[in-house]
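In: Predicted model follows, preceded by the sequence.
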Amino acid sequence: MTSNEPSFKIDEIPIYGDLILAPMEGISDAPFRALTRHLGSALSVSEFINTLNLSHSKISVQNRLVFQDSERPFSIQLLDNDPVRMVEIAKMLYDTLQPDIFDVNMGCSSKNVNSRGAGAGLMRMPKLVARIFRGLSHTFDIPITGKLRLGDNEDNLNYMEIAHIIEENGGKMLALHGRTRQQAFKGQARWEPIAEVKAAVNIPVIGNGDVRSVADIASIKAQTGCDAVMIGRHAVQNPWIFSRLDRHEVQPQTVHALMRTQLQEMLAVHYEKGLRLFRKFARAYLSPYKLSRPVLVDLLTCEIVEEFSEQLDQVFKSL
Ligand SMILES: Cc1cc2nc3c(=O)[nH]c(=O)nc-3n(C[C@H](O)[C@H](O)[C@H](O)COP(=O)(O)O)c2cc1C
């Protein structure tokens with residue numbers, strides 16, 4: 001987007017752009033968020049901060065709270081189901097980090113989280129969703145937003161009920177992933193429910209699910225009227241989608257430069273774990289080049305940063 005006008009507002013916060021990197025555990029860390037913001041993603045949302053077992057939170061959770069001021073507006077995503085604990089934790093996070101937004105996770109489909117009625121499991125308890133949104137929105141001046149699915153399963157598609165509850169209890173934006181909890185990531189995401197919700201509420205609606213190309217961005221916007229599009233898995237292979245480029249339009253030297261920068265930034269945030277954590281990105285970035293298996297295996301099992309970088313240089317020279 002080249003316009004100086006915001007695409008939409010989350011309460012009073014202007015959002016410049018209509019593409020947003022989806023929060024993804026193990027993916028949307030500070031370096032990846034920063035680089036996607038640079039390429040055009042309009043908002044940073046943290047990986048979920050699971051406080052169901054607060055006493056068990058470890059360094060990995062704290063790493064999830066690393067962000068740079070240039071990432072603002074920055075949203076911290078809360079994963080919990082206890083309205084009182086959520087307010088307490090959010091107060092602590094607000095005092096130390098001053099995020100711009102708190103987001104409530106109602107989308108996580110993992111068994112462990114769902115069996116405890118958190119993540120997408122929260123959608124089974126609309127009254128609890130209301131209490132969580134009321135509690136947070138009465139406590140904070142910053143916007144509270146929600147990310148949800150279509151419902152628990154095909155027999156319980158209560159996205160419309162939850163969308164209204166979010167709005168009626170002070171929520172200022174919602175993102176809808178067009179699948180049920182039961183579907184997890186299977187099947188094709190449905191976009192019609194996003195259109196239904198957009199037509200029914202007065203807060204911004206973000207469409208999410210299976211956006212894989214610049215053409216998909218146009219389609220989901222045209223079909224749903226959503227205010228912005230959230231892109232998850234495909235962005236791992238093609239973060240340039242936030243600049244509205246399909247992957248085949250991106251030159252190898254551009255890919256190489258981005259990989260080098262991201263690796264350095266991941267080492268700065270994750271220290272000795274940085275290279276291992278970078279592997280899934282490396283695999284995704286290199287996937288269009290159809291490298292031979294031995295070359296790929298050598299690269300992706302390399303444990304030493306300097307050797308990895310040399311091998312990577314060789315790979316790009318060979319293309
Ligand atoms: C590896 C992975 C981790 C995810 N972690 C989160 C998370 O922390 N919070 C969240 O709300 N959604 C999470 N999601 C869901 C995504 O935000 C998104 O809703 C989903 O992947 C659908 O979008 P896509 O088809 O563009 O990938 C995760 C998805 C993946 C694949």
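Out: Yes, it's here. Residues are numbered from 1 along each chain as shown.

In: nearest residue to the residue in the chain positioned nearest to the ligand other than its sequence neighbours?
Out: The minimum distance from the chain to the ligand, using C-beta to the nearest ligand atom, falls at residue 232 (2.7 Å). C-beta: built from backbone N, CA, C; applies to glycine. Excluding the flanking residues, the one nearest residue 232 by C-beta to C-beta, 6 or more residues apart in numbering is residue 22, at 3.5 Å.

In: In contact with the one you found, which residues?
Out: Applying C-beta atoms under 8 Å, 6 or more residues apart in numbering to residue 22 gives the contacts 28, 45, 175, 208, 230-232, 235.

In: could you pull out the helices for this protein?
Out: 30-39, 59-63, 83-97, 111-114, 126-139, 159-168, 192-200, 214-224, 233-237, 252-270, 274-286, 293-301, 305-317 (DSSP state H).

In: which stretch in these is the model least sure about?
Out: Lowest mean pLDDT of the helices of the chain: helix 59-63, a mean of 66.

In: So which bits of the stretch 1-150 of the chain are right by the ligand?
Out: Listed as neighbours of the ligand in the stretch 1-150 of the chain under the rule C-beta under 6 Å from any ligand atom: 22-27, 47-48, 77, 105, 107-108, 147.

In: Show me how far stretch 135-150 is from its chain's centre.
Out: 16 Å (C-alpha atoms, centre = their mean, to the nearest Å).

In: what comes up buried for it?
Out: 135-137, 139-140, 142-150 (16 or more other C-beta atoms under 10 Å).

In: and of the helices of the chain, who's closest to residue 184?
Out: Residue 184 lies closest, by C-beta to C-beta, to one member of the helices of the chain: helix 111-114, at 9.7 Å.

In: from the buried residues of stretch 135-150, which two are the most distant?
Out: So, the buried residues of stretch 135-150 by C-beta to C-beta: farthest apart are 139 and 150, at 29.0 Å.

In: In this structure residue 101 contacts residue 77, no?
Out: No - if you go by C-beta atoms under 8 Å, residue 101 and residue 77 don't touch, sitting 9.2 Å apart.

In: Roughly how far does residue 179 sit from residue 97?
Out: 31 Å (C-beta to C-beta, to the nearest Å).

In: In terms of neighbours, single out the busier of the two.
Out: More crowded of residue 179 and residue 97, by other C-beta atoms under 10 Å: residue 179, with 24 against 14.

In: what does the domain assignment say about this protein?
Out: 8-248, 251-317 (automatic domain parsing).

In: Looking at the buried residues of stretch 135-150, which are in strands?
Out: With strands defined by DSSP state E, the entries of the buried residues of stretch 135-150 inside them are 144-148.

In: give the contact list for the residue lying closest to residue 184 once chain neighbours are set aside.
Out: Distances taken as C-beta to C-beta, 6+ apart place residue 109 nearest to residue 184, at 4.5 Å, with adjacent residues excluded. By C-beta under 8 Å, 6+ apart, the contact set of residue 109 is 119-120, 149, 181-185.

In: are any of these buried, and which?
Out: 119-120, 149, 181-183.

In: Max pairwise distance over those residues: which two?
Out: Longest span within these, C-beta to C-beta: 119 and 183, 13.8 Å.

In: ok, the spatially most central residue of the chain to residue 253 distance?
Out: Among the residues of the chain, the one closest to the centroid is residue 23, at 1.6 Å (C-alpha atoms, centre = their mean). Distance from residue 23 to residue 253, counting by C-beta to C-beta: 30 Å.
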